[in-house]
Structure formats: C-alpha cells, structure tokens
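*Asks:* what follows is a predicted structure for the sequence shown.
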Amino acid sequence: MFRRDFGKASLGVFVSTVLVNSAKGAEVAAGSDFPKSPGLTDYVGRFVTTTKYEDIPSQVIELGKKSILDGLGLALAGSMARTGAICRQYLEDLGLFDGKASIIGSARKTSPRFAAFVNAVSIHADDFDDTQLAVAKDRVYGLLVHPTVPVLSATLALAERGAVSGKELMLAYHLGVEVECKIAEAISPRHYQDGFHSTGTCGPFGSAAACAKLLRFDLSKTLNVFGLAASQSGGLRENFGTMTKPFQAGRAAESGLESTELVALGWSAAEQILEADRGFFHAFGGSYDPAAIIGRLGKPWTFVSPGISLKPYPSGSLTHPAMTELARLIETNNIQATQVEKMDVGANHNMTTTLLHHQPKTGLEAKFSMEFCMAILVLERKAGLGEFSDKVVQRADVQEMIRKINFYVDSEAESAGYDKMTSLLKIHLKDGRVITGRADFGKGSPANPMTFEEAAAKFKGCAEFADWPSAKTEKIIAFVRALDTAPDVSALSPLLAAEKGKG
C-alpha cells in the first residue's frame, strides 16, 4: 500500500471511530446541551497532516484562485485605509521593520507574524473580502467567517521565508479555509447571535492549520498549535463599523502564525481544545453540532458546497442582495434620485441587527448600513470604494436620501430562513408608481457567481484605487491564474511591493 493510500485509509478508520464514539457520547450526555465527541480535534489534526494537494478537486483549486486574487487586491486597496497607516506607524515605533516578510502595498518588510497581522487588517479594512455561506436555516447566511483573510495573510508571510511552490501554498490555504469554515458551521448559532465575530474567533484555526501544514508539522505539533491558537480567539460584533473589526481579522491571522512559531520551539497546549468540556466549542458557543464537522472535512469542500461568496460591494454581505436588486431596478426603470419619495426594505431580524448603523456618519459605519447602501445607489448608480468615505456619507443629499429609507423586519423575509438574505424592496415614486423587487442572494454568491474574469476586474479596481502600476497589476493576475505551476510564490512579493521610499 502506498503511503498516501495508507494515510487515507487510516484517516477513514479514525473518522469511523470518532463517529461511533460521538454516538456513544451523545447517549451518555442525554439531557445535556453539550455533545460529547472525544477525538474531534484529533480528527481535524489528521485531516491537516495527511491531506495532499492531489486530494483537492480541480474545481476547488480554481475557485480558490479567485478568492486568492480577490484577497491580494483588497490588501492593496486596504493599505490605503487609515488602519494601514496606523499599523505601519506602530511597527515603525516598535522598530520592527527588519524582517523579510512584505507589508503589501508598501516598501516595508517585517517579521512574518506582523506581516500577517498588517496584511490581514488591510484585506478586511474595506469589508470587501470573501464570505463563507451557511447551510442550516438557523444560521445567519453569509456571516460565519471571512475565510481568505486570516489564511492567505499568514501563508503568504510564511512563504517568503523560502522556496514554497504554488501547489504548497494552495494546499495550506485550502486546508486552512476548510478547517475554519467547518468549525464555524458546527458551533452553536448562539455564538454569532450573542455577539462574537466569527472571523476573529474561528479564523485563528484556519491560520493555524495552514501554517502548520506549511511547516510540515506532525500530528502532535498540529494539535498543540490548535490549542494555543484557540486561546487567542476573540472578536465582538459591537465593533462592526469601526477600525476594530479589521483588527480582529488581523489578530486571527497573526495568532495562528504565532502559535506555529512557538510550538516549533517546544510550546505546549491542550490537544483536545475543540471538544473538551472547558474547550472552544463549550466556552464560545455553549454547544455545537458534531455532524457538521466530523467526517465532513473535504466531504464536500466548503468552496464547492455550500460555497464561498465574493463581494460585489465594499459593505456587509447582508446588503448585497438588496443592492444587486436595486441596481437592476434602477437600470431597468431608469429611476432618478429626484423621483424617489421613499423606499421600504424588508429583511429578517438578523439582518437588521447586524446592519446596525441606521443613521451612519462615517464611511466605516456606512458599510453596515442598509440605508446608506440603498441611498448611494439611488444617488450615484454605483457603490465602490470611493463612495464609502466620511465625506460622501456626510453629504447633505446622502443624509436626506438615507432618511427616506425604511429598513424593517418583514415577516416574509423572516420565514424564508436565515440561510438566505431575503430582501424585499418597494420603491415609492413621487408620481404614484410603486416598483417592487425581491432577492435572496447577491452577485458573487454561488447562486450568481463571479467568473475569474469578473474577479480580475474587481482586482483591477482595487489596484487602481491604490494607484498601483498597471504592469504589476497584470502580472499579479497572470501569476494567480497559473499559481499551480509557480515554483516559488515569493516571486509575488515584488509585484505587491511599492517602490522604496513609499509607504
């Protein structure tokens, strides 16, 4: 038997054992809210250590390329945000510009740990990065994890240490995305609904899994990495609409990488951190669904089902179905801003509480304001990076249009289930006409996906926003398109770096 076949066979036997033990544990725990699944963390660790690049379907590889390209573009655009400048200034004050890992969009380099942090902050700064989708109807669609930001930032930073091929990078990336998404899918919906930011809490596991794979850790080291990363999980939704939301994504990337560096030096941690009575699922969620993760890693891969969404607008994903539909209605009916008397936007209650800024005054608040997103589309017929600025949000005509938007909980949207982002639009025009529309999903979702060419067009827009040289822009797109053939991904670094003396 070949080594690869033996690994698959042993993992299969292990999964069967975990499933049997879980069933027995469930019987023992009858009447308890917390299921018993001994060996769960071990199962996740074995998945990371035994999976090979050849085990990943080609469809998953191609879908991943779109998200990787998307992440790189957002790192460039996000480097222009105030958070990017603050992060770079902070590292300079600490005297940390003496490493080999690139800070994307600048000419500066630092240690992998801090490069992962700063680049992740940039990727998430504009809330324009990809989003995991939910399966169960009791879970908030699109609000589990932003999967690429913690994983890509960490793997790119580590890859600059030496010869890491495109296949090695993508293997680590896909393992990280798969692990964090399945953990987010399994934890009780209470986790998100009560205020945790899943990218900050589940993201460290993705970063940890990817970094452990790149460093070729064995099972014991991988389990210790999970234990250490779990103790650094954190992030609260109350910080949505502030600089701290991307900080939470940055910390997720950093903590997974930092955990691998410490474990490589001999650091120890609990090796059953997911399922333990005092572990991650119990402490952060109160409960979890073992069936959502045990035997499910790579079966199917999350990129295939239920899928991962690329964002068409730099705002909270829950705004996107309504924005996609409103853009269609504006074009179809040639709606002018002067014609609009008022607009009703119905949604489920999870959408109204997450899009919590009903009278935004800043660009960051506007990203979590359905009212602004509707208003700016009516006024400008576009909603790009340039529209989500303090200056635009505070314009008198924008504030006036915001007051015309009624964003409310609709019983029809509520009954559709939280696995959808059902948005019901009713536009009242001054001449008495009422134009209606409905959308469950937005552009970029698996139901209405972006092609690689569309993802490349979004990347170009982000690069242009960062005033990036067009020659470098085209080379980055070509590099990612053929990433599986790249002998050394560090060749990307100069394409993502500014000229010396800038940034």
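*Replies:* Looks like it arrived, so ask away.
*Asks:* any buried residues in stretch 320-333, and which?
*Replies:* Using 16 or more other CB atoms under 10 Å as the test for burial, stretch 320-333 gives His320, Pro321, Ala322, Met323, Thr324, Glu325, Leu326, Ala327, Leu329, Ile330. C-beta here means a position set from N, CA and C on the backbone, and glycine is covered the same way.
*Asks:* any idea which element the fourth one lies in?
*Replies:* The secondary structure element spanning Met323 is helix 320-333 (assigned by DSSP states H and E).
*Asks:* with just CA atoms, put that helix into CSV.
*Replies:* What follows is helix 320-333, C-alpha atoms only, in CSV (Å, rounded to 0.1, in the frame of the first residue of the first chain):
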residue,chain,number,x,y,z
HIS,A,320,-25.7,42.7,-1.3
PRO,A,321,-28.9,41.0,-2.4
ALA,A,322,-30.8,44.3,-1.9
MET,A,323,-28.1,46.2,-3.6
THR,A,324,-27.9,43.8,-6.6
GLU,A,325,-31.7,44.0,-7.0
LEU,A,326,-31.9,47.8,-6.6
ALA,A,327,-29.1,48.3,-9.2
ARG,A,328,-31.2,46.1,-11.6
LEU,A,329,-34.4,48.0,-10.9
ILE,A,330,-32.7,51.4,-11.3
GLU,A,331,-31.3,50.4,-14.7
THR,A,332,-34.5,48.7,-15.9
ASN,A,333,-36.8,51.5,-14.9
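*Asks:* now it: mean pLDDT?
*Replies:* The predicted model assigns helix 320-333 a mean pLDDT of 97.
*Asks:* helices or strands next to that helix in the packing?
*Replies:* On a contact count with 3 or more CB pairs under 8 Å, 6 or more residues apart in numbering; DSSP states H and E, helix 320-333 meets helix 370-380, strand 423-429, strand 434-439.
*Asks:* quick one: distance of that helix to the chain centre.
*Replies:* 25 Å (CA atoms, centre = their mean, to the nearest Å).
*Asks:* which residues sit against that helix?
*Replies:* 309, 311-313, 315, 335, 345, 347, 370, 373-374, 377-378, 381, 383, 421-423, 425, 427, 435, 437-445, 448 (CB atoms under 8 Å, 6 or more residues apart in numbering).
*Asks:* filter these down to the buried ones.
*Replies:* Buried, going by 16+ other CB under 10 Å: 309, 311-313, 315, 335, 345, 347, 370, 373-374, 377-378, 383, 421-423, 425, 427, 435, 437-445, out of the contacts of helix 320-333.
*Asks:* that older thread, can you lay out the helices and strands packed on helix 320-333 as CSV showing distance to Lys36 and mean pLDDT?
*Replies:* Formatted as CSV, the helices and strands packed on helix 320-333 follow (distance: least, CB to CB, whole Å; pLDDT from 0 to 100):
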stretch, distance to Lys36, mean pLDDT
helix 370-380, 41, 98
strand 423-429, 40, 98
strand 434-439, 41, 97
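*Asks:* buried ones in stretch 179-197?
*Replies:* 179-189, 191-193, 196-197.
*Asks:* what's the closest of the buried residues of stretch 320-333 to Leu76?
*Replies:* Proximity to Leu76 was ranked across the buried residues of stretch 320-333 by CB to CB; first place goes to His320, at 21.8 Å.
*Asks:* how close does the closest one sit to Ala413?
*Replies:* 15 Å (CB to CB, to the nearest Å).
*Asks:* now Val480
*Replies:* 37 Å.
*Asks:* residues of stretch 155-172 that come out buried?
*Replies:* Buried residues in stretch 155-172 (16+ other CB under 10 Å): 155-160, 164-172.
*Asks:* then stretch 403-413?
*Replies:* Applying a neighbour-count criterion of 16+ other CB under 10 Å, one finds Lys404, Ile405, Phe407, Asp410, Ala413 buried in stretch 403-413.
*Asks:* same question for stretch 274-281.
*Replies:* Leu274, Glu275, Ala276, Gly279, Phe280, Phe281.
*Asks:* repeat that for stretch 383-391.
*Replies:* In stretch 383-391, counting by 16+ other CB under 10 Å, buried: Ala383, Gly384, Leu385, Glu387, Phe388.
*Asks:* off-centre distance for it?
*Replies:* That offset, for stretch 383-391, works out to 21 Å (CA atoms, centre = their mean).
*Asks:* and it, end to end?
*Replies:* 14 Å (CA to CA, to the nearest Å).
*Asks:* for stretch 205-221, same thing?
*Replies:* End to end - CA to CA - stretch 205-221 spans 14 Å.
*Asks:* next one: stretch 130-145
*Replies:* Start-to-end, stretch 130-145 (CA to CA) is 9 Å.
*Asks:* now stretch 301-319: buried residues?
*Replies:* Burial within stretch 301-319, assessed by neighbour count using 16+ other CB under 10 Å, is assigned to 301-303, 306-319.
*Asks:* what domains does the record give for this protein?
*Replies:* Domain assignment for the chain, taken from automatic domain parsing, gives 3-309, 317-439.
*Asks:* want to throw those domains into CSV with distance to Glu499?
*Replies:* Compiled in CSV, the domains of the chain are given as follows (distance: least, CB to CB, whole Å):
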stretch, distance to Glu499
domain 3-309, 6
domain 317-439, 22
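*Asks:* worst mean pLDDT among those?
*Replies:* Among the domains of the chain, domain 3-309 scores lowest, at a mean of 90.
*Asks:* can you give me how far that one is from the chain middle?
*Replies:* On the basis of CA atoms, centre = their mean, domain 3-309 is displaced by 10 Å from the centre of the chain it belongs to.
*Asks:* for the buried residues of stretch 179-197, which one is nearest Val145?
*Replies:* Ala184 (4.6 Å).
*Asks:* looking at this, that closest one is in a helix?
*Replies:* Yes. Counting by DSSP: H, G, I helix; E, B strand; the rest coil, one finds Ala184 located in a helix.
*Asks:* and it, how far from Ser411?
*Replies:* The value you get for Ala184 to Ser411, if CB to CB is used, is 28 Å.
*Asks:* where does the spatially most central residue of the chain land in three-state SS?
*Replies:* In the chain, the centroid-proximal residue (CA atoms, centre = their mean) is His146; its distance is 1.1 Å. Following three-state DSSP, His146 is assigned to coil.
*Asks:* distance of it relative to Arg82?
*Replies:* 20 Å.
*Asks:* what sits against the closest residue to Lys420 other than its chain neighbours?
*Replies:* Spatially, and ignoring its direct neighbours in sequence, Lys420 is nearest to Asp440 (4.4 Å; CB to CB, 6 or more residues apart in numbering). Applying CB under 8 Å, 6+ apart, we find Asp440 in contact with Pro321, Ala416, Lys420, Met421, Thr422, Ser423, Ala447.
*Asks:* now those residues in TSV, with distance to Asp488?
*Replies:* Formatted as TSV, the contacts of Asp440 follow (distance: CB to CB, whole Å):
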residue	distance to Asp488
Pro321	41
Ala416	48
Lys420	43
Met421	41
Thr422	46
Ser423	45
Ala447	37
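*Asks:* out of these, which one sits closest to Glu254?
*Replies:* Met421 (30.4 Å).
*Asks:* which helix or which strand is home to that closest one?
*Replies:* Using DSSP H and E, no helix or strand contains Met421.
*Asks:* what's the separation between the closest residue to Pro147 other than its chain neighbours and Gly285?
*Replies:* Leaving aside its chain neighbours, Pro147 sits nearest to Val177 (4.5 Å; criterion: CB to CB, 6+ apart). For Val177, the distance to Gly285 (CB to CB) stands at 20 Å.
*Asks:* between those two, which is the more surrounded one?
*Replies:* Of the pair Val177 and Gly285, Val177 is the one with more neighbours under other CB atoms under 10 Å, namely 28 against 21.
*Asks:* since that was my last question, I'll sign off now.
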